[in-house]
Structures are given as C-alpha cells and as structure tokens.
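[1] next come a sequence and a model predicted from it.
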Amino acid sequence: MLGMALAALDGTIVSTAVPQIVGDLGGFSVFSWLFSGYLLAVTVTLPVYGKLSDTFGRKPALISGIVLFLLGSLLCAGAWNMSALIAFRVVQGLGGGAIQGTVQTIAADLYPLKERPKIQAKLSTVWAVSAVAGPAIGGLLAANAHWRWIFLINLPVGAVALWLIARHLREPVRPRDRRPHVDWAGALGVFGCGGLLLTALVQGGVAWPWLSAPSLTLFGAGAVCAAATVWIERRAAEPIIPGWVWKRRPIAAVNLSLGALGLLMVAPTVFLPTYAQSVLGLGPIAAGFVLSVMTLSWPLSAALSSRVYDRIGFRQSALIGIGLAALVLLAFPLLPFPGAPWQPALIMLLLGAALGIFQLPLIVGVQATVPWAERGTATASVLFCRQVGQSLGAALFGAVANATLSARLADAPPAIRPGLPDDLDGVSHALTRPGALTDAAADYLRRAVDTAVDHIYLGAACAAGAALLALLLLAPRHFPVLQDGDEDRDGTRTGTGTEAGVDRS
C-alpha cells in the first residue's frame, strides 16, 4: 500500500503545484508533458514489468520499480528547466509502471480467492485517500515551502516501503529447469510502438492538428513499429505480450472491457472539473470535491462486490456494474442548467458504486484463471488496456469537446459575438475572469460548455455499452477458475475449477 501510494499521490500533488513550477522554470507551452510523459512511460512499461515479474519474481520487479521511481523523484527535485523536469518525470514513470502492475499481482499471490476483494479494496482506498489528500499536500508544500518538496516527499515514503518489502515479502522458491530468457527485442518494440502511438493520441489536436504532418508521421511510424513488434513477438521464445493474452476468451473480454472503462473514465476525471468551475461557478477545491465523491463509493462498492460475484459469478457481476454505470452516465445530460453542485456529485457517487462492482470482479476473475507464472503478464495486460483506453478517450473526447465548442462559437448570435473569445483556449479563461464578458456572453459560453460536457458523457455511456457487449459476446458465463493449490511449484496449470458459488456441482 505504501508503494502504491507513491504512484497514487504523484499526479494529484504535481497538478496542484503547476503554477509555481511554471513560474520558476518557465515552459508553459509544454508543461502538459509533465503528465503526458509520465503517463506514456507507465503505460508502455506495464507489459514489460508484467513479464519480468513472471520470469524473475514479483519482489525484484517491485523493488526495482520503487528505486527507479525514487531516483526520478530526486532528479525532478533538482531539475533546472522544464525540459529536464519532463525527462525526469519520464524516469519516474518507468518506475511507476512496475509499481502499478506488480502490486496488483502480489495481492493475488498473497491472498486466496475469497480474501482478494478485501485487499483489493484496501488498495483502492489508497487511490481514494490520494485523490483527497494529494491536492491538499501539494497546495501546502507549494504555498509554504517550495514546489521541489512535492518530489522530495516521495523519498521517506518510498524508503519505508522498500524496507518493509525487502524485510517481509517472501516469495516461494520456484525452481526452473532452464535459464530464463528475456525478450528484450520485444520489450523495445512494445516501448517504441506504445510511445509513438500514445504520443500521437495525447498531442493530436492539442500541439498540432490531427491531419498535420507530425500526427500522420507518428501514426505511420507507430503502425510500422506495431507490425515489427508483432513479427518479433510471434517468433520469440518467451514474448513480452504472449498470444494467449488474446486467445483466451476471459482475458480478451476483460482487456476490451477495461479498455472501454479507461475511455469512459476520461469524462469524469478530465471534463467534470471544467464543468463544475465553468458551468456551476465553483472554485477549484469545491470542483475537486464533486469529483472525489466517486473515489469514496468506488472502494466501498469494490469491497462488497465479492458478495455479488460469489453468488452470480464474475461475468454477471460485471454486467450489472457496467449496465448501471451506463444508466448513470446517460442521466448526466438530463441535469438542469445550471443546476446545483449536489446533482453532479450524486451522479459521481452512483458512478463510483457501479464501477466498483464492474472492475474488481474482472481483475480478480482474470487473476484466478491463470497460474503464478502467468499472473503478472495477465494483470499487466488488463492494466495496459485500461491505460491505452484512457489515452484514446482523452483524444477522442477532446475532439468532441472542441467540435461542440467550435460549432457553438460559430453559431453565436451577432449581438454577443463580439464579446466572445476568438479561440477555444480562451473559453475557460474568459469564464474565470469577472467582467471579461457581458452577462449574455457569459451565459452563452456556460451553456456551450454544458452542451459539450453532455456530449462527452453520452460518449462515455457508449463506451460503457461497448464494455457490456464485449462481456456478453466474448466472456464465458463461468470463468475457468484455478482453485488454491491447483498449480505446481513452478507455477504451471494442473487443473481448473469453476467460480466459487456459481457451479459447485
């Protein structure tokens, strides 16, 4: 949990101190790469660390990840300009990928199937607490100390985590008949392909137009790199992303479903704060609270989800969760304008409860279908697909928001058009400056933002529908669960059962 806290606190703390960082180092035009660079590094390294943890063990992978994260934190604290800080954030991300994937895998290793929801819920509370405490800690450090302390604070937390893991985490000895082989060519291919495609998705429509030379070059190079990676992986003895990840129906269905989850999560995490500030007129702290209520109901729902899937199974539990989530997302466009803050907060509370029932049974279900020697790879593939979905969602929904706002600005009544911003970037800025707009122009812009966010939530509901279809069409009714003790000492599969509480006969 302490190791996970490093990754969970990182984004929320850094985002609070961005004004101080930019004021000290400059680089306002590229500061978004403080987050994009970290996200890219985490995403593309997840499959690599998953395979390494299956090959060499979870403990070496986790310790290496934490050490790399702390090294990146120390380098970030000493950054001399924005370019250096972005580069060191990438180093942090290289360690963050190991932390996020390996911790989830260790939870499945240490706890039997019936106890996993409890520990997974505790890990979820780390993210919930971080969502609330991160901005407060970041704000206090930036205002009363220096922004460099937001990185230095990771060092004592990480040191305690390292000490506890090194001292108390003991993995069973798993003898191997041969020397392990690492597919470094495949790892490099995955890293290069993911980096190119995710950069194109993150920067497209932001740093340059979608159909511009940089976008087309990145997508083209990413496609070539993807083809080369597939060719390498199909010939590798122990590929980083083995073919069984997509050939086994439970894992393939969960990968697609959680990819859709990553896509739909962009709606609340990225666009809800803008809605709360621009439409409802809330301050940053109050806007953050509207979003944070989702992080309160999510772990509670996840902790109780075992009572649902013990009775009806992993697939059926996830279907109920994502079906409820789709209905909640569809309810958002029905909110009145401008409405009261408790209304979107209630929507987020219900959404967190629904997604807790959806996500955790799928993660536990996938981990229960594979032996030790495949668990790290399977877990990493699920988390990788969710991260890719999040990047795709940011690009897709960003395009939806831009198109909606552009249309509204173009169709503005002539009487108020002179007072409106000339470009999309000026919309949010104008709404936060009292007196910058006439009352009529401000009301028109707020309605435009409200419409844009409504369209995004409709798109998120469509993503929930895609997850529902993936489960219905691909996932087996009963996951082929390995019962405790159903694998040899080397982690190979020796037998399968069915989901507890579903088909005991």
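    Nice, thanks for sending it over.
[2] following the lowest-mean-pLDDT helix or strand in the chain in sequence, what is the next regular element?
    Lowest by mean pLDDT, DSSP states H and E among the helices and strands of the chain is helix 425-431, with a mean of 66. Downstream of helix 425-431, the next assigned helix or strand under DSSP states H and E is helix 439-474.
[3] and that next one, which residues are buried?
    Neighbour counts over helix 439-474 (16 or more other C-beta atoms under 10 Å) mark 441-442, 444-446, 448-457, 459-461, 463-468, 470-471, 474 as buried. The way it works is simple: take the backbone N, C-alpha and C, and place the C-beta from them, glycine included.
[4] state the mean pLDDT of it.
    What helix 439-474 shows for mean pLDDT is 89.
[5] packing partners of it?
    Secondary-structure packing of helix 439-474 (3 or more C-beta pairs under 8 Å, 6 or more residues apart in numbering; DSSP states H and E): helix 249-264, helix 272-278, helix 314-331, helix 372-410, helix 425-431.
[6] so which of those helices is the most surrounded?
    When the helices and strands packed on helix 439-474 are scored by mean count of other C-beta atoms under 10 Å, the highest mean neighbour count falls to helix 249-264 (a mean of 25).
[7] relative to the whole chain's centre, how far out is that one?
    How far helix 249-264 lies from its chain's middle: 13 Å, per C-alpha atoms, centre = their mean, to the nearest Å.
[8] now do that helix and helix 439-474, the angle between them.
    Helix 249-264 and helix 439-474 are oriented at 180 degrees to each other (axes from the mean of the first three to the mean of the last three C-alpha atoms, to 10 degrees).
[9] and helix 249-264, C-alpha only, in PDB?
    The C-alpha trace of helix 249-264 is given here as PDB (Å, rounded to 0.1, in the frame of the first residue of the first chain):
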ATOM      1  CA  ARG A 249     -11.700 -15.600 -24.000                       C
ATOM      2  CA  PRO A 250     -11.900 -14.400 -20.300                       C
ATOM      3  CA  ILE A 251      -8.700 -12.400 -20.600                       C
ATOM      4  CA  ALA A 252      -9.500 -11.000 -24.100                       C
ATOM      5  CA  ALA A 253     -13.000  -9.900 -22.900                       C
ATOM      6  CA  VAL A 254     -11.700  -8.300 -19.800                       C
ATOM      7  CA  ASN A 255      -8.900  -6.500 -21.700                       C
ATOM      8  CA  LEU A 256     -11.500  -5.000 -24.100                       C
ATOM      9  CA  SER A 257     -13.900  -4.100 -21.200                       C
ATOM     10  CA  LEU A 258     -11.300  -2.400 -19.100                       C
ATOM     11  CA  GLY A 259     -10.000  -0.600 -22.200                       C
ATOM     12  CA  ALA A 260     -13.600   0.800 -22.600                       C
ATOM     13  CA  LEU A 261     -13.500   1.700 -18.800                       C
ATOM     14  CA  GLY A 262     -10.400   3.700 -19.300                       C
ATOM     15  CA  LEU A 263     -12.000   5.500 -22.200                       C
ATOM     16  CA  LEU A 264     -15.200   6.400 -20.200                       C
END
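[10] how about CSV for the helices and strands packed on helix 439-474, with distance to L152 added?
    Shown next, in CSV, are the helices and strands packed on helix 439-474 (distance: least, C-beta to C-beta, whole Å):
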stretch, distance to L152
helix 249-264, 31
helix 272-278, 27
helix 314-331, 39
helix 372-410, 27
helix 425-431, 32
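[11] can you map out the strands along the stretch 151-300 of the chain?
    In the stretch 151-300 of the chain, no strands are defined using DSSP state E, counting those that start in this stretch.
[12] can you list the weak-confidence ranges in it?
    Applying pLDDT under 70 to the stretch 151-300 of the chain picks out residues 173-180, 205-207, 284-285, 288.
[13] and the helix or strand where I63 lies, what does it pack onto?
    Using DSSP H and E, I63 sits within helix 58-77. Contacts defined by 3+ C-beta pairs under 8 Å, 6+ apart place helix 58-77 against helix 2-16, helix 33-56, helix 82-110, helix 149-152, helix 154-168.
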